[in-house]
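Show me how the following folds:
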Amino acid sequence: MGKNLKRKGRQIVTILLMILCIIGIIYSLVNIIIWKLDGDKVKEIVNNIEEKVEVIEKIDSDNTETVIQETVPDKENPYWEYIKMKLIDVDFSDLKEVNTDTVGWIQVNGTNINYPYVQTDNNEYYLTHDLEKNYNSAGWVFLDYRNKPDFSDNNTIIYAHGRYDKTMFGTLRNALTNGWLNDTNNYVFKISTPYENSLWQVFSIYHIPTTSDYLKINFNNSSDYNDFINMLIGRSAHKFDTIVSTNDKIITLSTCYNETDRVVLHAKLIKYEKKY
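Reported below is the predicted structural model:
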């Protein structure tokens, strides 16, 4: 009698474990399907944007200005080639019809990052909503709600998910590879907003356990800002020939590397053109 009860007990435990395993498998499959569908929706939105919106390369005009360098780079420094690069220009009228939160367009060399970005009054909404404001686990590219969209803050921050299907900031991790680092043309990226078009030179790239110390916007004094800049440069996985001073405006791109780490890229403004 006792042996039968033990046998039945083991059978019940085995059945329960099998049920839990089946539930776990179904749950994982559902999440994979949702993840895939959300990624497909993002690609559809991107394709629709590409049909409606043209990203135009612009040669320099009388309105184009280079940022004064506190320390003039050596003649061999790639900075002198970067400031010759064309800016990009985007007409935001169609994008504003899709989403009035649209505040800019970012294009990063050596990656798939070529998207409009948005801003709302918090940093949570666009983690789970796409450009059309539909729920989507892929989210969208968004500007920190604390920032002014005209880059007047010391540090402007743009976020997006680092998706493995290479959408959003999924290819920002490319900047940690030799293939990306060996091409110095990748050390710049371009932004267009309704206010201006701008060019940014990279000075730091790294991945780091999740922290908020690189997410400061403004600083009490130049000494604090200088310490911040030196911290970012010191973390870089690659030594860039970019001279950064407290007179510079910088931009930060932040995304997930895995569940616990972040990929972070920093650049400084080197050229811009006002649009009004």
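
Strands along the stretch 51-200 of the chain, start to end?
55-58, 64-66, 87-90, 102-108, 114-118, 142-143, 155-159, 188-192, 196-209 (DSSP state E, counting those that start in this stretch).

Enumerate the positions of the longest one that are buried.
In terms of neighbour count (16 or more other Cβ atoms under 10 Å), strand 196-209 has its buried residues at 196-207. Using the backbone N, CA and C atoms, a C-beta is placed for each residue, glycine as well.

of all the strands of the stretch 51-200 of the chain, which lies closest to His266?
Closest of the strands of the stretch 51-200 of the chain to His266 is strand 196-209, at 4.2 Å (criterion: Cβ to Cβ).

And Asp121, how close does it get to Gln107?
26 Å (Cβ to Cβ, to the nearest Å).

out of the two, which sits in the more crowded spot?
Taking other Cβ atoms under 10 Å, Asp121 and Gln107 do not tie; Gln107 has more neighbours (17 against 7).

low-scoring stretches of the stretch 51-200 of the chain, by residue?
For the stretch 51-200 of the chain, not a single residue meets the criterion pLDDT under 70.

can you give me the helices in it?
Here the stretch 51-200 of the chain has its helices, by DSSP state H, counting those that start in this stretch, at 79-82, 93-98, 178-181.

Check which residues of the first one are buried.
Buried positions in helix 79-82, judged by neighbour count with 16+ other Cβ under 10 Å: 79, 82.

what's in contact with that helix?
69, 73, 187-188, 199, 201, 241-243, 270-271 (Cβ atoms under 8 Å, 6 or more residues apart in numbering).

now the last one
Contact with helix 178-181 is made by 110-111, 174-175, 186, 238, as judged by Cβ under 8 Å, 6+ apart.

and the two most separated of those?
Longest distance between any two of these is 15.4 Å, between Thr111 and His238; criterion Cβ to Cβ.

between those two, which one's more packed in?
Neighbour count, other Cβ under 10 Å: between Thr111 and His238, Thr111 has more, with 20 against 15.

ok, now which ones touch Arg146?
With contact set as Cβ under 8 Å, 6+ apart, Arg146 has these partners: 153, 217.

Which of the strands of the stretch 51-200 of the chain sits closest to Thr128?
Among those, the nearest to Thr128 by Cβ to Cβ is strand 142-143 (11.2 Å).

Okay, and the beta partners of the closest residue in space to Arg173 that isn't next to it in sequence?
Using Cβ to Cβ, 6 or more residues apart in numbering and skipping the chain neighbours, the partner closest in space to Arg173 is Val263 (5.2 Å). Val263 has these beta-bridge partners by DSSP bridges: His207, Thr255.

correct me, but Val263 touches Thr171?
No. With contact defined as Cβ atoms under 8 Å, Val263 and Thr171 do not form a contacting pair (10.1 Å).

Show me which of the two is the more surrounded one.
Val263 (22 against 18).

Now do the contacts for the more buried one.
Contacts of Val263 by Cβ under 8 Å, 6+ apart are 162, 169, 172-173, 175-176, 205-207, 254-257.

ok, it to Ala175 distance?
The value you get for Val263 to Ala175, if Cβ to Cβ is used, is 7 Å.

what residues are shared contacts of the two?
Contact criterion Cβ under 8 Å, 6+ apart; residues shared by Val263 and Ala175: Ile205.

just the contacts of helix 178-181 now: which is nearest Asp227?
Among the contacts of helix 178-181, His238 lies closest to Asp227 (Cβ to Cβ), at 21.2 Å.
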